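Colleague: Attaching a predicted model along with its sequence, questions to come.
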Amino acid sequence: MKISFVADKLAASGCAVIPVKKSLKTGGAGVDYIKAQGKQFAQAAKAAGFNGEKGKSFSLYAPSGLEASRVFVSGIGDGKDFDAEMFGAKAAKSLMMQESAITLHLGGMDVSPDAAARAAVGMRLAAYRFDQYRTKLAANKKPVLKTIKIACDDPAKARASYKNYHGPVCDGTVLARDLVNEPPNVIYPKAYAARIKELEKLGLKVQILGEKRMKSLGMNTLLCVGQGSVRESQMVIMTWNGGKKGDKPACIVGKGVTFDTGGISLKPGANMWDMKGDMGGSAAVVGAMAGLAARNAKANVVGIVGLVENMPDGNAVLPGDIITSMSGQTVEVQNTDAEGRLVLADCLHYASTKIKPKAMINLATLTGAILVALGTERAGVFSNNDGLAAQIASASETTKEKTWRLPIGPEYDRLLDSPNADMKNIGGRLAGSITAAQFLQRFVGKGIPWAHIDVAGTAMKPSNRHDPRETTFGTGFGARLLNRWIADNFEG
Ligand code: BES
Ligand code: MN
Ligand code: ZN
């Protein structure tokens, strides 16, 4: 996709998109488009049943007196809560199959340069596809959109905002989507680690730990999840040193189960294929790190992902096995399908002791229970620190990756007590997402502000995608939020 930012003038070709209010009024170049139509504009609007209502639209083809081949008139209601990003997303969704070049007009609408840059992001996300394995896709099922022009009041500032922030962060979101959408025979731990290694070209330092190294570190809860798989488990540490030398880093950690069969506690067959997305938390971390590096973020950040495949096998971990984690705490594995927390336990302990971060957030497609609680609309946030939880709420508000905080506490923590070991890996039927969070918290170093974001309902969506920016199973949820969190709190 070719993206550019231009002055808000009549487009010389292609499809022009103009926002129009209920009064049939608009601003900027939109006024000139309407003027060129004379009386016909109101007549055309009437014939199309268009009244400027939000979500309604109509097209003027080969409009007289204009060089554009089409004017797409898009309703914005009273214009008060005009959201340029969503406006761009809806336009791209409607037009991407027919128009190769779109000029999105945002002039005279009180759209800030930042919002104009985000309009380009909205369009890119709405036009995102994952079609590379479809060899028989008919030509008319392929998007034709190639060129996007954002026409706005301050194109220089919008261009800079896109180049220095929103563009690279969107690249990171697209990378996260690709990783989640890829099938599990392509993205398995070693192949995934190799893809992450490629990000060194952006200036990230990437260190890969194999099973031998993890064994010597005592990372047995992570390793036990992968022990039924022929594919070797990996832990990948991505380091970005864009901040002051010696400044303690922030740390982001992701669950990267490249496929979750459930292990010996085997999942049912129906929809099991969706479990290729059980690395969605790690994909957000990888996408976020790529974004931070590409935009040269002025902060020190370490990203850690635990990559494993959860398989049943003669060598697989058994219900009842007691495993000693890197922290020394022992875990009775009562359910091998509660594997994400086992992977994260060692990642969080590694991060706490080796990185000693000033704050730490982990993302994981951790529990089906979070879907019961919040559906696919919001991710669940669990935190030991109100300040950090507020930072996440604010970042989430800005990027519109919605979250909701849920409680943790000792009354939930005791549900993990086991008569045979320091803890068991399941808490029982009740409060499943909370007991999962409690399990993670046991591996977070004392005094480290920490939050867990359960993205099981938001990072992968087999259905329920009403947001025009979400076009595929993999949503990329979290990559933007993490960039925002770093930008707002660690970049001075
Ligand atoms: N990866 C799943 C959680 C999940 C479920 C993600 C549905 C996305 C959609 C996780 O590993 C899991 O299996 N969790 C179990 C935990 C239970 C055994 C305590 C669950 O949610 O059923
Ligand atoms: Mn599982
Ligand atoms: Zn899982």
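Modeller: Arrived safely, thanks for sending. Ligands and ions are numbered 1, 2, ... in the order given.
Colleague: Who does the closest residue to G14 other than its chain neighbours form a beta bridge with?
Modeller: Excluding its sequence neighbours, the residue lying closest to G14 (C-beta to C-beta, 6 or more residues apart in numbering) is A101, at 3.3 Å. Just so you know, the C-beta spots here come from the backbone N, C-alpha and C atoms, and that holds for glycine as well. Beta bridges link A101 to T147 when assigned by DSSP bridges.
Colleague: Surely A250 and A299 touch.
Modeller: Yes. Between A250 and A299 there is a contact under C-beta atoms under 8 Å: 6.7 Å.
Colleague: where do the contact lists of those two overlap?
Modeller: Contact criterion C-beta atoms under 8 Å, 6 or more residues apart in numbering; residues bridging A250 and A299 by contacting each: I486, F490.
Colleague: between these two, which one's more packed in?
Modeller: A250 (25 against 19; other C-beta atoms under 10 Å).
Colleague: contacting residues around the more buried one?
Modeller: 299-302, 357-361, 485-486, 489-490.
Colleague: quick one on the thing from earlier: residues near the residue nearest to G14, how many?
Modeller: Neighbour count for A101, taken as other C-beta under 10 Å: 18.
Colleague: now swap in the one 3 residues further on and tell me
Modeller: Counted by other C-beta under 10 Å, the residues lying close to L104 total 28.
Colleague: same check, this time on D171
Modeller: Around D171 there are 18 residues (other C-beta under 10 Å).
Colleague: Ok, the one 5 residues further on next?
Modeller: The tally of other residues near A176 (other C-beta under 10 Å) stands at 32.
Colleague: re earlier: compare the contacts of A250 and tell me which has the most neighbours.
Modeller: For these, neighbours tallied by other C-beta under 10 Å; top is I361, 29 neighbours.
Colleague: Spell out which residues of the stretch 301-450 of the chain are next to ligand 3.
Modeller: Where the stretch 301-450 of the chain comes near ligand 3, counting by C-beta under 5 Å from the ion, the residues are G340.
Colleague: returning to that earlier point: of the contacts of A250, which is the nearest to L374?
Modeller: I361 (17.7 Å; C-beta to C-beta).
Colleague: Helix, strand, or coil at the closest one?
Modeller: For I361, the assignment made with DSSP: H, G, I helix; E, B strand; the rest coil gives strand.
Colleague: Tell me which residue of the stretch 51-200 of the chain lies closest to ligand 1.
Modeller: Using C-beta to the nearest ligand atom, the single residue of the stretch 51-200 of the chain nearest to ligand 1 is V180, 11.3 Å away.
Colleague: Contacts only, for L217.
Modeller: L209, M326, Y350.
Colleague: Just put those in CSV and tack on secondary structure, neighbour count and pLDDT.
Modeller: Below are those laid out as CSV (DSSP: H, G, I helix; E, B strand; the rest coil; neighbours: other C-beta atoms under 10 Å; pLDDT from 0 to 100):
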residue, secondary structure, neighbour count, pLDDT
L209, strand, 22, 99
M326, coil, 22, 99
Y350, helix, 25, 99
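Colleague: As JSON lines, these with distance to ligand 1 would be great.
Modeller: Formatted as JSON lines, the contacts of L217 follow (distance: C-beta to the nearest ligand atom, whole Å):
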{"residue": "L209", "distance to ligand 1": "22"}
{"residue": "M326", "distance to ligand 1": "20"}
{"residue": "Y350", "distance to ligand 1": "20"}
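Colleague: and the residues you listed as CSV, adding distance to ligand 2?
Modeller: What follows is those, written out as CSV (distance: C-beta to the ion, whole Å):
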residue, distance to ligand 2
L209, 22
M326, 21
Y350, 21
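Colleague: Next secondary structure element downstream of the helix or strand containing the residue of the stretch 51-200 of the chain closest to ligand 1?
Modeller: Per DSSP states H and E, V180 falls inside helix 167-181. Next helix or strand after helix 167-181 toward the C-terminus (DSSP H and E): helix 189-197.
Colleague: Now do that following helix against helix 167-181, angle only.
Modeller: Helix 189-197 runs at 170 degrees relative to helix 167-181, counting by axes from the mean of the first three to the mean of the last three C-alpha atoms, to 10 degrees.
Colleague: Having no further points to raise, I will conclude here.
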